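S.K.: What follows is a predicted protein model with its sequence.
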Amino acid sequence: MIKRPPPRYAVQPVHAPSARLRARLGWGLAWAVTLLLAAGLGYVLAGGGSVVIGHGNARKVKVLSRENAQLKQQLAIAQRSVQVANVASRKLTDNLAERDEQINGLRADLAFYARLVGGSAQHEGLQLQGVHLSQVGKSRAWNIVLTLTRNARSGNEVHGKATVDVDGVRAGSLARLHWQDISAPSEKDGLDFKFKYFQQLHGTILLPRDFTPNRLNIDLQPAHGKAITQSMSWAEARKNSENTQNVE
């Protein structure tokens, strides 16, 4: 019997993959799909892709955009109207305040001239018509203006001197500063007046740093006749408007 040599090639059956290998392959495939989906979504969001909008949706977008533009325009017009109204209101308020100031000034002038040209016997003779205080910069010096009047029925001139004392608080106690101690050296003897109808006197006082003023005491001493003394609060004298006209 003839012996055959062993075959050069052998056919062997391939064994099926194990369950563990199949699970690994499944997870790998799922991971690859996930990466592909994420990449695709990122591409679309980044603008690489295009979203198709239906014809109906495009019409709605145009309508909403047009309405939004109209609303923005209406809002801008409304805001502008409010601004114009605010400006007009402020202007009206300023005009009313100016008119009130003018009316008050006219009333003061009317009272001044009524006092000057007529009146009863109790208004005859020398009178202190007004007092005005104004600070000199930020110093402790104050300019003071005294307005004196006299009834026009009196034909003769009146002359004399005026002094002003100041009441206040100094070092925690009430104190009075006399004219001689707070006035300018050239005005120590008082402010001279000489007029027939009315006159304004101008002087300057200097207050100590530790003194807080609260009241003025004005003394008018004519050469002939009775002295006149009048008191006024410091705050009121500061608020009084000064009549710059000086007629003697």
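M.R.: Alright, I've got the coordinates.

S.K.: Where does the prediction get shaky in the chain?
M.R.: Flagging of the chain using pLDDT under 70 yields the residue ranges 1-33, 35-56, 105, 107-124, 152-155, 241-248.

S.K.: repeat that with 90
M.R.: 1-76, 78-127, 129-130, 149-158, 171-172, 196-198, 223-226, 239-248 (pLDDT under 90).

S.K.: how is the chain carved up into domains?
M.R.: Per automatic domain parsing, the domain ranges recorded for the chain read 58-117, 123-239.

S.K.: Could you save these as CSV and add columns showing distance to T34?
M.R.: In this view, the C-beta of every residue, glycine as well, is placed from N, C-alpha and C. Shown next, in CSV, are the domains of the chain (distance: least, CB to CB, whole Å):
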stretch, distance to T34
domain 58-117, 33
domain 123-239, 80
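
S.K.: most packed of those?
M.R.: Among the domains of the chain, ranked by average contacts under mean count of other CB atoms under 10 Å, first place goes to domain 123-239 (a mean of 15).

S.K.: list the helices and strands the biggest helix by length in the chain packs on?
M.R.: Selection of the longest helix in the chain by residue count, based on DSSP state H, yields helix 55-117. Under the contact criterion of 3 or more CB pairs under 8 Å, 6 or more residues apart in numbering; DSSP states H and E, helix 55-117 touches strand 126-135, strand 141-150.

S.K.: Now those in TSV, please, with extra columns for distance to A69.
M.R.: Formatted as TSV, those follow (distance: least, CB to CB, whole Å):
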stretch	distance to A69
strand 126-135	59
strand 141-150	64
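
S.K.: among those, which is nearest F195?
M.R.: strand 141-150 (6.8 Å; CB to CB).

S.K.: quick check: angle from that closest one to strand 126-135?
M.R.: Inter-element angle recorded for strand 141-150 and strand 126-135: 160 degrees (by axes from the mean of the first three to the mean of the last three CA atoms, to 10 degrees).

S.K.: okay, strand 141-150 in CSV with CA atoms only?
M.R.: Output of strand 141-150 as CSV, limited to C-alpha atoms (Å, rounded to 0.1, in the frame of the first residue of the first chain):
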residue,chain,number,x,y,z
ALA,A,141,-16.9,140.2,56.4
TRP,A,142,-20.4,141.3,55.4
ASN,A,143,-21.6,144.2,53.4
ILE,A,144,-24.7,145.9,54.8
VAL,A,145,-27.1,148.2,53.0
LEU,A,146,-29.6,150.4,54.9
THR,A,147,-32.5,152.0,53.0
LEU,A,148,-33.9,155.1,54.7
THR,A,149,-37.0,156.9,53.7
ARG,A,150,-38.9,160.1,54.7
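
S.K.: Other residues contacting it?
M.R.: Where contact means CB atoms under 8 Å, 6 or more residues apart in numbering, the residues beyond strand 141-150 that reach it are 112, 115-116, 125-136, 158, 162, 164, 191, 193, 195-207, 218, 220, 237, 242-243.
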